[in-house]
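Q: Below: sequence and its predicted model.
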Amino acid sequence: MAYYCSFKPLLLFLFFLIATTQGRDSITTHLHFFLHENYNSPNATSITVINSTTSNPGDFGSIGIFDDEIREGSSVDSKLIGRAQGIAPGVSLRQTTWLVLLNFVFTEGEYNGSSLTVVGRATLEGTSERSIIGGTGKFRMAKGYTINTFLISGGPAVHLIAEYDAYIVH
């Protein structure tokens, strides 16, 4: 008496079961906020820790760190909702360009206690797009991108404001 058993249907069913129970519905969130950076002032939120040893227009080789404010609006009096903490080395020999690695750490509102990790190229001209490569709290396993435009106010080299739109899948 021959006994025939095929494991293919069982394996397919198990793979289907695992795939459907492990997944979850993704949420897409759009955030709009303003980064406020102060430098060369008594309340500096950004400093250069290594100065470039070359005399190029791009500040190649310099490294800055920052703990900037995230606010709801472009006004310095708008509600503080978090911090933008990170590092930005100068990476271009020809223009002022940084490779920025930063965490948006939210301290108020719906996303209090959550953070986003963002990495990418930044310049002071036009808009910059960067990748969201992770997050914590409500943004755990986040991916997406940010688009920002720099607005300079308060005179040169005093106060920088960047308007951000973050598109997050989590």
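A: Arrived safely.

Q: Just list the residues touching Arg83, thanks.
A: For Arg83, the contacting residues are 67-70, 104-105, 107, taking Cβ atoms under 8 Å, 6 or more residues apart in numbering as the criterion. Just so you know, the C-beta spots here come from the backbone N, C-alpha and C atoms, and that holds for glycine as well.

Q: Likewise for Ala142?
A: 116-117, 132, 134-135, 168-170.

Q: what sits against Pro57?
A: Pro57 makes contacts with 94-96, as judged by Cβ under 8 Å, 6+ apart.

Q: can you give me phi and psi for Tyr111?
A: The phi and psi torsions at Tyr111 (degrees, to the nearest 10) take the values phi -100, psi 20.

Q: Would you mind measuring from it to Thr97?
A: 30 Å (Cβ to Cβ, to the nearest Å).

Q: How about Glu72?
A: Counting by Cβ to Cβ, the gap from Glu72 to Thr97 is 29 Å.

Q: more crowded one of these two?
A: Legend: neighbour count by other Cβ atoms under 10 Å for Glu72 and Thr97, higher for Thr97 (21 against 14).

Q: Helix or strand next in line after the lowest-mean-pLDDT helix or strand in the chain, which one?
A: With mean pLDDT, DSSP states H and E as the measure, the helix or strand of the chain carrying the lowest mean pLDDT is helix 8-22 (a mean of 56). If you walk from helix 8-22 toward the C-terminus, the next helix or strand you reach (DSSP states H and E) is strand 28-38.

Q: for that following strand, which positions count as buried?
A: Within strand 28-38, the residues that qualify as buried by neighbour count (16 or more other Cβ atoms under 10 Å) are 29, 31, 33-38.

Q: With stretch 89-108 instead?
A: Within stretch 89-108, the residues that qualify as buried by neighbour count (16+ other Cβ under 10 Å) are 89-92, 96-98, 100-106.

Q: Got phi/psi on Lys138?
A: Comment: the main-chain dihedrals of Lys138 come out as phi -70, psi -10, following degrees, to the nearest 10.

Q: I'd say it and Asn112 touch.
A: No. Lys138 is not in contact with Asn112 according to Cβ atoms under 8 Å; the separation is 9.1 Å.

Q: These two - which one has more neighbours?
A: Counted by other Cβ under 10 Å, Lys138 and Asn112 do not tie: Lys138 has more neighbours, with 17 against 13.

Q: Next up, the contacts around the closest residue to the more buried one other than its chain neighbours.
A: If the residues on either side of it in the chain are set aside, Lys138 comes closest to Ser114, at 4.4 Å by Cβ to Cβ, 6 or more residues apart in numbering. By Cβ under 8 Å, 6+ apart, the residues touching Ser114 are 106, 135-139.
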